[in-house]
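Chemist: build me a model from this:
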Amino acid sequence: MLLARLSFLLLAPAGGLVRLVRAQATQPAATLPAPGQPAQTGTVGAFVIVGNSLVSAQQIFLGTPDRVYFLDKVENNPTQINGHPAWSSEWSLGNNSQRPLDAITNTFCAGGNVLGNGTWLNVGGNQAVTFGGNPAPSQHGGAPYDDPDGRNSMRLLDPCEDASCDWVLSPQQSAQRWYPTLETLEDGSIIILGGCQNGGYVNDITQDTPTYEFFPTRGAPMASTILESTLPANLYPLTWLLPSGTLLIQSNWATSILDYKNQIETPLDDIPDAVRVYPASAGTAMLPLTPANNYTATILFCGGSDVQPNQWLSPSFIPPTFPASTSCVKLTPDVSGSYVEDDPLPAARSMANFVLLPDGRILCLNGGGLGTAGYGNNSWAIGHSYADAPVLQPAIYDPAAPNGSHWSSDGLQNSTVPRMYHSSALLLPDGSVLVSGSNPNPDYTVGPGVVYPTEYRTELFYPSYFNQRRPQPKGLLAQYSYGGPSFDITLSVDDLFGDLNNANATSVVIIRPGFSTHAINMGQRFAELNTSYTAYEGNNTAVIHVSQLPPNPAIIAPGPAFVFVVVKGVPSIGQQVMLGSGQLGTQTVLAVSDLPVASVVAAPAATSSSANTKSAGVAISPRLPACFGGAAALLALASIALWT
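Modeler: Got it, this is the predicted structure:
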């Protein structure tokens, strides 16, 4: 079996297959240089337009600390590549340069996530189209857009910082999937769920794809009861890997736990108040997983639309006049199958983006106060948009605030760019949030009188901490094991803001920013590492003693992520790290080392307190893009699987 082979092979960046050589327990773990300060200041609590993207940001992800990747639907974008309009691009954050990429097949409403070796996977899409989104004469390409059918496609990208990378097609194909969801599993492989064959505002039984499958393949797709029973609103099913190793799936009004290893689904309570999946498109996120909550997963759902199954296609249902919901509910599925009401949104929204910030709060932005996702030529559409009343003011959810005070927009300024259908938002390493997209149109549509045009303007949002001096910890690891020996980082008096007590207000957090599309950040996750400290009165410095990842890869899946050290709510610059082995397959779980009891002592020890302990595993360079596994190697492995 392919997965069995993967556990014995290291995927080489050049595309070849080489034998895995495990590092010995005596090999020291690689450490990262101390992070610096942001390259610029920003207007705190505000949006600043930083340029125009080459393609509209229907899908975005952070591939390296400096590179954001964009995917669009096939349309007549002015930027060209290989004789046709581009529908993918790369944006360098450092110098604000961009280049088009060739996604090859139609990526309209695909899903994405990152594999445990650092390769990004993009699955599904639409058939080949011509002007106006109409079906093309040939599904194999050709003028005017040269966009072969993407519904079965699996595209792979190894992010790079030298302009050498581009999309490649995997020989493994999926079932036809328009609007699928992807979630990375605890072995670094990806599960692919749901979708439909031909698209549309909502799904129907004639084109439904109510199944799930895996990359790398584990055989034919398997049927899902919840996806079969939740028509017509079962596209982009909301899915999270839970610490129990099962999956939470929320679709239309239904909720289930999927034990994908044994193909067992267990229904939970229906979600109250509103539909949260596409096209109602609520804001959703798993709350931070921390030692304080024992890494227990709670998922927050806010907004969406209270639409019944028989209402979606009723002639009397006029989406852009239908109010979005303010309802917020939470579910802790490994503890209870029942939802709990939470503080409502400050303003009703559909299509809200939720972005986990390093300080543990959640930024809510984008969306509409009326209507849903989708577009069409209906007489009642706003141009083509099925939504109206864009919500321009962001809001922030603080899980640590008292009940009744979770939400606040204090000090937050409005955006000037309406962002509804096909908008995206993503956390960046400096702690700002990149916001782009919005295109409720069948093709490239701009010009005077267009209410909601194809949007290329791209903004940065600057959270409250942005202009403060950032911690610059020394000793962070470049690679983290599940369990294993603890390590130490050092903080200077400046890192502690001159106050020794801030050693007790320091956290080390790992964030996967995720793959942002259609009001979902697939794979977004926040896990705080367990810490204690030794603080030194003699010079107001501290050593933070840090545990490795919790000994359970289902808490945060293997693969690339970003580590932040947060002192009194102010995060360091995030640095890219590898979680787990850097390869696909069962992850090694090690015993957890005890941390020293937190203490304050008179002066630092005579010898360095910041020397890192030893760690078993595959040693990797801190410069991750050059040493991740590689799409080319996955292609070779997938080819082996297909011929076996």
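Chemist: and residue 604, what's its pLDDT?
Modeler: If you check residue 604, the pLDDT there is 76.
Chemist: is it part of a helix or strand, or is it coil?
Modeler: Per DSSP: H, G, I helix; E, B strand; the rest coil, the secondary structure class of residue 604 is coil.
Chemist: so which bits of stretch 326-335 are buried?
Modeler: If you call a residue buried by 16 or more other Cβ atoms under 10 Å, then stretch 326-335 has these buried ones: 326-329, 331-334. From N, CA and C alone the C-beta is placed, and that goes for glycine too.
Chemist: flag the shaky bits of the stretch 1-150 of the chain, pLDDT-wise.
Modeler: Of all residues in the stretch 1-150 of the chain, those with pLDDT under 70 make up the ranges 1-28.
Chemist: picking that back up, need the max-distance pair from the buried residues of stretch 326-335.
Modeler: The span of the buried residues of stretch 326-335, defined through Cβ to Cβ, is set by 326 and 334 at 27.3 Å.
Chemist: outline the domain layout of the protein.
Modeler: By the record's domain assignment, the chain is partitioned as 48-462, 476-601 (the TED database).
Chemist: report the distance from the last one to the chain centre.
Modeler: In this view, domain 476-601 has its centroid 19 Å away from the chain centroid, taken as Cα atoms, centre = their mean, to the nearest Å.
Chemist: can you get me the start-to-end distance on that domain?
Modeler: 23 Å (Cα to Cα, to the nearest Å).
Chemist: pLDDT (mean, whole number) over that domain?
Modeler: Per-region confidence: domain 476-601 scores 98 on mean pLDDT.
Chemist: contact partners for residue 342?
Modeler: By Cβ atoms under 8 Å, 6 or more residues apart in numbering, the contact list for residue 342 reads 300, 302, 328-330, 406.
Chemist: so residue 580 sits against residue 587, correct?
Modeler: Yes. A contact is recorded between residue 580 and residue 587 when judged using Cβ atoms under 8 Å, the distance being 4.7 Å.
Chemist: of these two, which one has the most company?
Modeler: When neighbours are counted by other Cβ atoms under 10 Å, residue 580 comes out ahead of the other of residue 580 and residue 587, with 29 against 26.
Chemist: excluding chain neighbours, what is closest to that one?
Modeler: Spatial nearest neighbour of residue 580, chain neighbours left out: residue 558 (2.9 Å); criterion: Cβ to Cβ, 6 or more residues apart in numbering.
Chemist: now swap in residue 170 and tell me
Modeler: Across the structure, with Cβ to Cβ, 6+ apart as the measure, the residue nearest residue 170 apart from its sequence neighbours is residue 154 (4.1 Å).
Chemist: re the thing from before, ok, the residue nearest to residue 580 - how many residues close by?
Modeler: Other residues near residue 558 come to 29 when the count uses other Cβ under 10 Å.
Chemist: any idea how far it is from residue 335?
Modeler: Distance from residue 558 to residue 335, counting by Cβ to Cβ, to the nearest Å: 25 Å.
Chemist: do the same with residue 104
Modeler: Distance of residue 104 to residue 335, given as Cβ to Cβ: 44 Å.
Chemist: next: residue 30.
Modeler: When distances are taken as Cβ to Cβ, residue 30 and residue 335 turn out to be 37 Å apart.
Chemist: how near is the residue nearest the centre of the chain to residue 379?
Modeler: Residue closest to the average C-alpha location in the chain (Cα atoms, centre = their mean): residue 514, at 1.2 Å. If you measure residue 514 against residue 379 using Cβ to Cβ, the figure is 37 Å.
Chemist: just the element for the closest residue to residue 269 other than its chain neighbours, please.
Modeler: Residue nearest to residue 269 in three dimensions, not counting chain neighbours: residue 338, with 4.9 Å by Cβ to Cβ, 6+ apart. Following DSSP states H and E, one finds residue 338 outside all helices and strands.
Chemist: tell me the contacts of residue 338?
Modeler: With contacts taken as Cβ under 8 Å, 6+ apart, residue 338 has the following neighbours: 268-269, 331.
Chemist: make TSV out of those residues and add distance to residue 442 and secondary structure.
Modeler: Compiled in TSV, the contacts of residue 338 are given as follows (distance: Cβ to Cβ, whole Å; DSSP: H, G, I helix; E, B strand; the rest coil):
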residue	distance to residue 442	secondary structure
268	37	coil
269	38	coil
331	36	strand
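Chemist: which one of those residues is nearest residue 392?
Modeler: Of all the contacts of residue 338, residue 331 has the smallest distance to residue 392: 29.3 Å, by Cβ to Cβ.
Chemist: so how far is residue 527 from the closest one?
Modeler: 19 Å.
Chemist: same question for residue 538.
Modeler: In this structure, residue 538 and residue 527 are 33 Å apart, going by Cβ to Cβ.
Chemist: again with residue 198
Modeler: Applying Cβ to Cβ to residue 198 and residue 527 gives a distance of 39 Å.
Chemist: residue 338 too?
Modeler: Relative to residue 527, residue 338 is positioned 25 Å away (criterion: Cβ to Cβ).
Chemist: which phi and psi does residue 68 have?
Modeler: Here the main-chain torsion angles of residue 68 (degrees, to the nearest 10) amount to phi -110, psi 140.
Chemist: the helices in this structure, which residues?
Modeler: For the chain, applying DSSP state H gives helices covering 2-6, 225-228, 631-642.
Chemist: for the shortest one, buried residues please.
Modeler: Taking 16+ other Cβ under 10 Å as the basis for neighbour counts, the residues of helix 225-228 that come out buried are 225-227.
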